[in-house]
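Asks: build me a structure from this.
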Amino acid sequence: MSVQFSRTLFVFPTPEIKESFDFEQCFYCSIGDESVNEFVKDLSRLREKMAVSLSSSALNASSLLADIDAYVPLLWQLLDSLDRQDPVKVETPLRFLWKGSVIRGFPKLDSTVYTDVIFDLIMSLHTKGLVTANLAAEIAQSDPSAINTSAKYLREAAAIMKYLAATLIPRWHTKLNYRHLPTETNSVYCEYLSEFFTASSNQMYVQSTTDFVKTNFKL
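Replies: Below is the predicted model of the structure:
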C-alpha cells in the first residue's frame, strides 16, 4: 500500500519568470564599492539562471532546487539591507514579472509587473516549496522504499508554505487588487498547501510503519 501511495504523489507545475532583471543597472547610482557591485551582479546572474531552469522541461527537481537556493539567500540580503536603511536611489524601476502556475490564461495576471523585492522573494520561496514537494515525488518514483526521505522533503515543503502564509506574505503591503495577484501570494492558499504536504508526509510515515510491522512481526 505504501508503494502505491508514494508513486501517486502529485507533481506540481511551477511558476515561471517571464522577464529578466538587471539589478546592477537598477542600483548603479547607489553602488558604493566593488563588493556591492559584485553582489548585484550575482543577483542578476543567479536570478537569470533560476529563470532558465524554471522554463526547462529537462531539469530535475534536485538541480532546480539548487538554483533556487543559490538565488534566494542573496535576495534575502537585499531585502534586509533595503529595510534597514533610508530609501535607496535607483537608476531604473524594479521590475519583477512572473507567470503563476495556478491560474493561467488571464492577460492581467500574466503581464502585471511588480516593483517590490518582497514579491520576488515570495514567488521564489513558493516555487522552492513546490520544487521540494516535487523532489519528494521524484524520490518516491525512483525508489519506492525511500518513503522516509520523501516524507522529510514534504515536511520541508510544508514548513516553507507555513512561513509564507503566516509571516512573509502578511509583510507585503500592496495597493493592487487581490484579484490581480498570483494565487501563490495568497496566504490561505499557502496554508492549504502546508496542510496538504503535512498530511501527505504523515500518511507516508503511517504506511511505512505499517509495512515494517507486517514484514517483521506476525500478527
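Asks: going forward, measure contacts between C-alpha atoms and count neighbours the same way
Replies: Will do.
Asks: count the neighbours of Gln85 for me.
Replies: 8 (other C-alpha atoms under 10 Å).
Asks: that one: helix or strand, and which one exactly?
Replies: In the assignment (DSSP states H and E), Gln85 maps to no helix and no strand.
Asks: cool, and the one 3 residues further on?
Replies: Assigned by DSSP H and E, Val88 falls within no helix or strand.
Asks: contacting residues for it?
Replies: Val88 makes contact with 30, 82 under the criterion C-alpha atoms under 8 Å, 6 or more residues apart in numbering.
Asks: from now on call the first residue 215
Replies: With the count now opening at 215, the last piece we talked about shows up as Val302.
Asks: so what's it scoring on pLDDT?
Replies: Val302 carries a pLDDT value of 85.
Asks: tell me the phi and psi of it?
Replies: Main-chain torsions, Val302, degrees, to the nearest 10: phi -100, psi 130.
Asks: following element in sequence after the helix or strand containing Phe253, please.
Replies: Under the criterion of DSSP H and E, Phe253 resides in helix 248-269. Counting by DSSP H and E, the next helix or strand C-terminal to helix 248-269 is helix 275-297.
Asks: now do that following helix and helix 248-269, the angle between them.
Replies: Put simply, helix 275-297 runs at 140 degrees to helix 248-269, going by axes from the mean of the first three to the mean of the last three C-alpha atoms, to 10 degrees.
Asks: name the helices or strands packed onto helix 275-297?
Replies: For helix 275-297, the packing partners by 3 or more C-alpha pairs under 8 Å, 6 or more residues apart in numbering; DSSP states H and E come out as helix 248-269, helix 331-356.
Asks: following the last one, which helix or strand comes up?
Replies: What that stands for is helix 331-356. That would be, after helix 331-356 and using DSSP H and E, helix 361-377.
Asks: how about that next one as CSV, C-alpha atoms only?
Replies: Taking C-alpha atoms only, helix 361-377 is exported to CSV below (Å, rounded to 0.1, in the frame of the first residue of the first chain):
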residue,chain,number,x,y,z
ILE,A,361,9.4,6.7,1.9
ASN,A,362,11.0,8.4,4.9
THR,A,363,13.2,10.5,2.7
SER,A,364,10.2,11.6,0.6
ALA,A,365,8.2,12.4,3.8
LYS,A,366,11.1,14.5,5.1
TYR,A,367,11.0,16.7,1.9
LEU,A,368,7.2,17.0,2.2
ARG,A,369,7.6,18.3,5.8
GLU,A,370,10.2,20.8,4.5
ALA,A,371,7.8,22.0,1.8
ALA,A,372,5.0,22.3,4.4
ALA,A,373,7.3,24.5,6.6
ILE,A,374,8.0,26.8,3.7
MET,A,375,4.4,27.3,2.8
LYS,A,376,3.6,27.8,6.5
TYR,A,377,6.2,30.5,6.8
